[in-house]
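*Asks:* how does the following fold in three dimensions:
(one chain, ligands or ions: 1)
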Amino acid sequence: MNPQEFLEKVKTLREEALAAFASAASADELEGARVRYLGSKGALGETSRLMGKLDKQERPEAGKALNELREMISSAFAGAGERLASAPEDGEMLDVTLPGRRVPVGSTHLITRTSREICAIFEKMGLTITEGPEVETDYYNFEALNFPKDHPSRDMQQSLFLEEGLLLRTHTSGVQIRTMEKTRPPVWIVVPGKTYRRDDDLTHSPMFNQIEGLVVDRGITMADLKGVLSEFARKFFSESTKIRLRPSFFPFTEPSAEVDIACVSCGGRGCRICKGSGWLEVLGCGMVDPALYAYVGYEREDVSGFAFGIGVDRMAMLKYRLDYIGRFYSGDTRCLRQFPG
Ligand code: PHE
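*Replies:* The predicted structure follows:
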C-alpha cells in the first residue's frame, strides 16, 4: 500500500461517515453508524491498522490525516446526537405548512369597558373620577349616610358583614361622605367600583359594579339632576333615549327618585324585556339630604347637591342585550368573546 492509497481511503471514509451521521434519523440509526465507524471493530480502527503497511517515514503524515479524521467523525457523531435530541420523536412529522397556534390575547372586560364609558360621559360634564375602599365601615356605608342604627332601610342593602362594624360595601355611596369629609365644596365626582350584596339570581350577583355621582355646589337643583341624567342616557344609549323620574326613598337623598329609561328593546311600546311597561329601571338618585352636611362639616355652607347611583352590570346587560348577569363572571368566556374590547 502506498501513501496515496492510504490518504484516498481516509478521504472516502470521511465522506461516508459524515454522510451517515448527518442522515441518521433516529437514535438507533445513529448508534449503528457509531459502531460502524467508531466502534472497536469499526472502519476507523481498520484504517488505522493499515498504517502498519506503510513505510516508516510515510507514517507521520498518515497518522496526522488519521487523527484529523477521528476528530471530524467524533464531532459529527456528537452533532448528530444533539440534532436528534432536539428533534421530534420517531415517527412524528414536522409539517411546516400548518398554521401556527394562536396565543389567546385578553381584552378589556365588558364591565370594565362599560364602566369606563359611563365615567367618560360624566367626566365630559365636569365630574372627576374618585375611588374608595371595598371593605367599608358601618359609619361610611350607613351611619353618615343617614341610615339610623336598627332602621329598616338597612334591610334592603342585603349586607355581607366581615365583623361587627365592618362590611363589604353595599353601594359606592360611602365615597360621598369620604370625599366631602376631605374637600370643601364644590364637589363634582363620579365613583366607579365593586359593590357586594347577599343577592344571587338572573339579574343580581353577590358582587356587582356601581357608579356613584355626587355634585355639591351653589344653586344646584333637581333640574340639574334631571338634565345630567337625561344627557347621560342620550350619550350612553342613543340620542333619542328618554328618561322619567319616579318618587322613591333613600335615607341620604331627599327627595329621592328611581330613574327609568324608555325600553331599549321596544322603545316604550311594551315588550317582554320591560314586562309590558315600556320602561326600565336603571338607577337611583335624589337631592343630597342636608342631614349629610352635618356629618362632613358643611352645615354652614350655602350649597345644595344631587347624587345618583348607577348599576353598571344592568347598563351593560341592557346595552349588549345579555339575559343573565352570570355571563359576566363565569369562566365560560364564549359569550364575552363576542365583544372584544
Ligand atoms: N346607593 C343607592 C343604592 O345602591 C343608589 C343611590 C345613589 C341612590 C345615590 C341615590 C343617590 O341603592
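
*Asks:* which stretches of the stretch 51-200 of the chain form strands?
*Replies:* 128-129, 135-137, 160-163, 166-168, 187-196 (DSSP state E, counting those that start in this stretch).

*Asks:* could you redo those as a markdown table and give each row mean neighbour count?
*Replies:* Glycine gets a C-beta too; all of them are placed from N, C-alpha and C. A markdown table is the format used below for those (neighbours: other Cβ atoms under 10 Å):
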| stretch | mean neighbour count |
| --- | --- |
| strand 128-129 | 14 |
| strand 135-137 | 17 |
| strand 160-163 | 11 |
| strand 166-168 | 17 |
| strand 187-196 | 22 |
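
*Asks:* to the ligand, which of the ones you listed lies closest?
*Replies:* The closest of the strands of the stretch 51-200 of the chain to the ligand is strand 187-196. By Cβ to the nearest ligand atom, the value is 7.1 Å.

*Asks:* the stretch 1-150 of the chain: helices as residue ranges?
*Replies:* For the stretch 1-150 of the chain, the helices defined by DSSP state H, counting those that start in this stretch occupy 3-23, 27-38, 43-50, 59-86, 110-124, 138-141.

*Asks:* how does this structure divide into domains?
*Replies:* Using automatic domain parsing, the domain parsing of the chain gives 3-86, 110-336.

*Asks:* what mean pLDDT does the first one get?
*Replies:* By that I understand domain 3-86. Across domain 3-86, pLDDT averages out at 85.

*Asks:* quick one, phi psi at the residue in the stretch 201-341 of the chain that the ligand sits nearest to?
*Replies:* At 2.7 Å from the ligand, residue 309 is the closest residue in the stretch 201-341 of the chain, using Cβ to the nearest ligand atom. Main-chain torsions, residue 309, degrees, to the nearest 10: phi -140, psi 120.

*Asks:* tally of neighbours for it?
*Replies:* 22 (other Cβ atoms under 10 Å).

*Asks:* pretty sure it is touching residue 259, no?
*Replies:* No - applying Cβ atoms under 8 Å, one finds residue 309 not in contact with residue 259, separated by 10.1 Å.
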